[in-house]
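J.: Dropping a prediction and its sequence here:
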Amino acid sequence: QVQLAESGGGLVQAGDSLRLSCAASGRAIGSYVMGWFRQTPGKEREFVAAINWDGSEIDYRGSVKGRFTISRNNGRNTVHLQMNSLKPEDTAVYYCAADFSTARYTLVTEMHRFNTWGQGTQVTVSS
């Protein structure tokens with residue numbers, strides 16, 4: 001059974017940093033696009049960042065560019081999201097996702113492309 005498990009969320013103050021991790025089990029992530037999404041109550045889940053198989057292509061939503069960094073370690077089957085200069089509007093449940101449907105070299109960012117999801121980790125940023 002393929003599973004994604006997020007960790008690293010928590011309660012921080014504005015300006016602080018957090019590093020989210022996603023550990024995959026049951027399947028090697030090496031050939032697949034991985035991403036991070038987030039969701040707040042009453043809102044749709046939104047794209048945060050995605051990384052292609054070797055990290056040569058990366059994309060971020062505009063509001064996190066320059067503050068968040070996505071990375072991956074295929075040997076350890078993990079993906080990370082380094083979040084710096086956190087703002088209250090970054091408060092959300094953060095989900096790790098994988099596009100295990102197709103091994104591809106190019107990046108995808110559309111939510112419907114990702115077919116495997118973690119349970120999410122809460123990030124709360126106080127002002």
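T.: Good, I have the coordinates.
J.: does the residue sitting nearest the centre point of the chain belong to a helix or a strand, and which?
T.: Central residue of the chain (C-alpha atoms, centre = their mean): residue 36, 2.1 Å from the mean position. For residue 36, the host element (DSSP states H and E) is strand 33-39.
J.: Distance-wise, check the residue nearest to the centre of the chain relative to residue 107.
T.: Distance from residue 36 to residue 107, counting by C-beta to C-beta, to the nearest Å: 13 Å. C-beta here means a position set from N, CA and C on the backbone, and glycine is covered the same way.
J.: residues shared between the contacts of the two?
T.: Among the neighbours of residue 36, those also in contact with residue 107 (C-beta atoms under 8 Å, 6 or more residues apart in numbering) are residue 50.
J.: Do you know the pLDDT at the nearest residue to residue 36 once chain neighbours are set aside?
T.: Closest residue in space to residue 36, ignoring its immediate chain neighbours: residue 48 at 4.3 Å, by C-beta to C-beta, 6 or more residues apart in numbering. As predicted, residue 48 sits at a pLDDT of 98.
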